[in-house]
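S.K.: here you go, sequence then predicted model.
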Amino acid sequence: MPSTSLELGPTAASIRLAVEPGPEALGRRVAALLLGALRDRARGLCQRPLGLATGRTMDPVYAALRDHLAALPAAERSELLAHWHSFNLDEYVGLGPADPRSFAATMAAAVGEPLGLAPAQLCLPDGLAADPEAEAQRYGAAIAAAGGLGLQLLGLGSNGHVGFNEPPCGPEAPCRCVELAPATRRQNAAGFGGDPAAVPRWAISLGLAEILQAEELLLVVSGGAKAEILRRTLLEPPTADVPASWLQRHPRLRVMADAEAAAELSRRS
């Protein structure tokens, strides 16, 4: 299925959709877009920070981004990294940067340490905060103080969540402490020895309110297990039962998927 555009009627003007043959090719394509966003920041074309995500879908993205940056002349690479400023979508309550299962540790290993970023350049909620709700409010306020997000990278949960905005969820939901659905804990169990019960029950997550205020959204989806939920996300009317479906309302939504994830879209289009 070639790169194409889906017309979705009254909920969105147009969604740009690109399909790659597999996760590695998808990762390279997404990484190139992130590199472009870094260049825009370095040139002063965008002052807003990046919005980043974690999850298995993002592993090839960050690997390819490291490769892209390593291939640049040293002076250009240093200039781009000096302008890096990002906020992640979420963090587990009860896990801190020293815990390898935390998203803070994941981001440090994926980009922070190999790229030599300062801690202040790579922002996440504090999973060890004594008051998670207050931390969520602080984190949301920090993003607002930074002018909101520029390019927001998003994955797609098997139950239609983005960030940890579990269904049902409306488009006005703010950054908050969220109880994770059983389906999400099962989906994330691989990082916890395969035991869903070991996955933290709560997380701090950006809300759809902050996500939808970003300048541009980039939804990245891979694997046949996500094909049906991606179809529902893009081709059915927005509903709280599929929180990602509210992304249709954003004027600059780009969707990038591998061939397996896009299979239902291919049949429909």
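M.R.: On my side now, so go ahead.
S.K.: the stretch 1-150 of the chain: helices as residue ranges?
M.R.: Ranges of helices in the stretch 1-150 of the chain, per DSSP state H, counting those that start in this stretch, are 23-42, 59-70, 74-82, 103-107, 113-115, 132-145.
S.K.: export the ones you listed to a markdown table and tack on mean pLDDT, mean neighbour count and distance to residue 168?
M.R.: (Glycine included, C-beta is placed from N, CA and C.) A markdown table is the format used below for the helices of the stretch 1-150 of the chain (pLDDT from 0 to 100; neighbours: other C-beta atoms under 10 Å; distance: least, C-beta to C-beta, whole Å):
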| stretch | mean pLDDT | mean neighbour count | distance to residue 168 |
| --- | --- | --- | --- |
| helix 23-42 | 97 | 19 | 29 |
| helix 59-70 | 98 | 19 | 29 |
| helix 74-82 | 97 | 13 | 40 |
| helix 103-107 | 98 | 23 | 24 |
| helix 113-115 | 98 | 14 | 38 |
| helix 132-145 | 98 | 17 | 19 |
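S.K.: closest one to residue 51 among the ones you listed?
M.R.: Proximity to residue 51 (C-beta to C-beta) singles out helix 132-145 among the helices of the stretch 1-150 of the chain, at 8.3 Å.
S.K.: ok, residues contacting the closest one?
M.R.: Here helix 132-145 makes contact (C-beta atoms under 8 Å, 6 or more residues apart in numbering) with 49, 87, 93, 123, 125-126, 129, 149, 174-177, 202, 204-207, 210.
S.K.: what's the spacing between it and its chain's center?
M.R.: Computed by C-alpha atoms, centre = their mean, to the nearest Å, the chain-centroid distance of helix 132-145 equals 18 Å.
S.K.: what of stretch 192-199?
M.R.: 22 Å.
S.K.: follow-up on the earlier one: now, which of the contacts of helix 132-145 lie within strands?
M.R.: When DSSP state E defines the strands, the subset of the contacts of helix 132-145 inside them is 87, 123, 176, 177, 202, 204, 205.
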